[in-house]
Structures are given as C-alpha cells and as structure tokens.
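Engineer: below is the sequence, then the predicted model.
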Amino acid sequence: MRVNEADLDWETVDRGETGFRRKRLATAAGGDRLGCSLYELPPGEKSWPFHFHTGNEEAVYVLAGAGQLRTADGVESLRSGDYVAFPVGSDGAHRVVNDGDDPLRYLAVSTMNDPDVTVYPDSGKIGVYAGSPPGGDDPRTVEGYYRRDDDVDYWLDEG
C-alpha cells in the first residue's frame, strides 16, 4: 500500500530534553514487520532517550540538516545523506541530537520483532513489550518500564 507523507499529520513528542515531530509511514501504509517513521527534530532538541533494543535492529537515514549522533562508541557528527545501522544489543545504543540551526529530518527504520526489551543505560531502566513491538499499534499482553536494580530472586513469593 502506498502513502504520501504530505497526507499524514505530525505526532508531537515534547518531554524534557526530548522534542520532535513524527509521521508513522509504515503504519499508514499497512506495514507489519518493518517500521519506518519520518522524524523532524527542531534545533536544540533530542530524539528518544539513549537506548538499545535486545530484539529489534534500527537504522536512520538523514534527509536534511545536521546534528550529532550519540552511540555506544561516543558522539559523532550526522549530516544529510548519512545512513547509520544500530544492531541488536548494546553496540546499537543511540540517540539523535540536533545541535544545528535548521530542522533535522530523517527516516528511522526498524524491524518489528515481538517480544522486545529496550535498555536505557543512562537511567538504568528496561522496557518490556509483548503482543506488539515498540512502535506497534496492536494491544500488548505485557508492557512496562522497570529499574534494572529492582531485580528479585526467581523464587520470591512462590510457594
């Protein structure tokens, strides 16, 4: 199914240092196993918090603008025409930052494997998803965010 981004409304996320607009292209086109969204970060804004997935690979392709990309290896520049793959696991940790003067527009692509666990190294949290992957619209049977340090023994409260 074909969709034109001009026909879609922007979704806005504005939370602390995270601020962007997004159009869910794959969802609108009926995509199931491959996600794709158009993102626009205004100057001075950042994408989703620094994270990696344990079950899904992601990638970005920069359409316009410039900024920075934080990865597990540090911070590097990001500019129009760059394509960056984020493999499953800690080597794929990432966050996009617009430190420029113009909007930063990019496509974010991901596999849509279910279940998945996201890890947030800076805050020490994990996100758990089953029934629908991150970015999916179907109802989930399990979903939540937990501090990694709240681990309990397997046998706790089991008879």
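Structural biologist: Thanks, I have the structure now. Residues are numbered from 1 along each chain as shown.

Engineer: now do stretch 106-125: distance from first to last residue.
Structural biologist: According to Cα to Cα, to the nearest Å, stretch 106-125 extends 26 Å from its N-terminal end residue to its C-terminal end residue.

Engineer: may I see the buried residues of it?
Structural biologist: With burial defined by 16 or more other Cβ atoms under 10 Å, the residues of stretch 106-125 counted as buried are 106-120, 125. In short, each C-beta sits where N, CA and C put it, glycine included.

Engineer: next: stretch 17-34.
Structural biologist: So for stretch 17-34, counting by 16+ other Cβ under 10 Å, buried means 19-28.

Engineer: for those, give me a markdown table that also has distance to residue 148, pLDDT and secondary structure.
Structural biologist: Shown next, in a markdown table, are the buried residues of stretch 17-34 (distance: Cβ to Cβ, whole Å; pLDDT from 0 to 100; DSSP: H, G, I helix; E, B strand; the rest coil):
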| residue | distance to residue 148 | pLDDT | secondary structure |
| --- | --- | --- | --- |
| 19 | 26 | 97 | strand |
| 20 | 26 | 98 | strand |
| 21 | 31 | 98 | strand |
| 22 | 27 | 97 | strand |
| 23 | 33 | 98 | strand |
| 24 | 29 | 96 | strand |
| 25 | 33 | 97 | helix |
| 26 | 30 | 96 | helix |
| 27 | 30 | 94 | helix |
| 28 | 35 | 95 | helix |
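
Engineer: ranges for the strands of the protein?
Structural biologist: Assigned by DSSP state E, the chain shows strands spanning 11-15, 18-24, 34-41, 52-53, 58-64, 66-71, 74-79, 83-86, 94-97, 104-111, 116-120, 125-130, 142-147.

Engineer: of all those strands, which gets the most neighbours per residue?
Structural biologist: Mean neighbour count (mean count of other Cβ atoms under 10 Å) peaks for strand 52-53 among those, with a mean of 24.
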